[in-house]
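1. can't give you the sequence, but here's the structure:
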């Protein structure tokens, strides 16, 4: 299993969750050693997701690719750039399953958002500028790919223990937050279950 973004606040929790389940991991990052303690279950590949050669090495031999990548500072094209490199790399390597993170503000056909979430989405899409556009173009790249992807649409991420969550392909959650630990567990569950929202972008929030 290949992990992207494994050195961030959510990514570190995701790595720990996957290791606790006995998965052998390949971590791609500029400093992947920060992602986990030394373990014979972890292979480190130095590089970033815009490095075609590093991405190709990281996904070779994987069954699943899971990403905890999110916007970094003023980098407004990271997610679309990553999708543009990762999709052909996975196709070449014969890897079909991808699980990643998007935002609850992303509007998709068939959505039944609660009133407050419609307002939040409107604000994000009008004021979010290129960062909001990056999420839209990232989704478009996966949607037009032949791969079995899942993009988890999350609300505001907070620290705290893992707990029960509600999830739905089109209905936004009753709460406007999700703990990073709960997100890490949901991502791990999705990597283990190929039937979990294939080619969909479910909302996930704390219950």
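-> Sure thing, it's come through. The shown structure was predicted, so the numbers you read here are calculated from the model rather than taken from an experiment.

2. list the buried residues for the helix or strand harbouring residue 12?
-> For residue 12, the host element (DSSP states H and E) is helix 9-20. Buried residues in helix 9-20, counted by 16 or more other CB atoms under 10 Å: 10-19. C-betas here are computed from N, CA, C, even on glycine.

3. could you do stretch 187-197 as well?
-> 187-188, 190-191, 196-197.

4. show me what the residue nearest to the spatial centre of the chain bridges to in the sheet.
-> Note on the chain: the residue nearest the mean C-alpha position is residue 100, at 2.0 Å, using CA atoms, centre = their mean. Bridge pairing for residue 100 (DSSP bridges) gives the partners residue 151.

5. and it, how far from residue 126?
-> Here the criterion is CB to CB, to the nearest Å. By it, residue 100 lies 24 Å from residue 126.

6. over to residue 108?
-> Separation of residue 108 from residue 126 (CB to CB): 17 Å.

7. which of these two has more neighbours?
-> Using other CB atoms under 10 Å as the criterion, residue 108 and residue 126 rank with residue 108 on top: 16 against 9.

8. wait, residue 129 sits on residue 71?
-> No: using CB atoms under 8 Å, residue 129 is not in contact with residue 71, being 11.1 Å away.

9. of the two, which one has the most company?
-> residue 71 (17 against 11).

10. state the distance from the more buried one to residue 81.
-> Here the criterion is CB to CB. By it, residue 71 lies 12 Å from residue 81.

11. could you check how far the residue lying farthest from the centre of the chain is from residue 207?
-> Distance from the C-alpha centroid of the chain peaks at residue 115, with 25.6 Å (CA atoms, centre = their mean). Distance, residue 115 to residue 207, using CB to CB: 20 Å.

12. how about residue 60?
-> Shown here: residue 60 relative to residue 207, a distance of 38 Å by CB to CB.

13. now do the helices in this protein.
-> Along the chain, the segments classed as helices by DSSP state H run 9-20, 52-59, 78-93, 115-127, 129-143, 180-192.

14. okay, the angle between the last one and helix 9-20?
-> Here helix 180-192 runs at an angle of 50 degrees relative to helix 9-20 (axes from the mean of the first three to the mean of the last three CA atoms, to 10 degrees).

15. starting at the chain centroid, how far to helix 180-192?
-> 10 Å (CA atoms, centre = their mean, to the nearest Å).

16. now do that helix: everything it contacts.
-> For helix 180-192, the external contacting residues (CB atoms under 8 Å, 6 or more residues apart in numbering) are 1, 9-10, 13-14, 16-18, 21, 64, 66, 68, 97, 99, 101, 150, 152, 154, 157-165, 167, 196-197, 204, 206.
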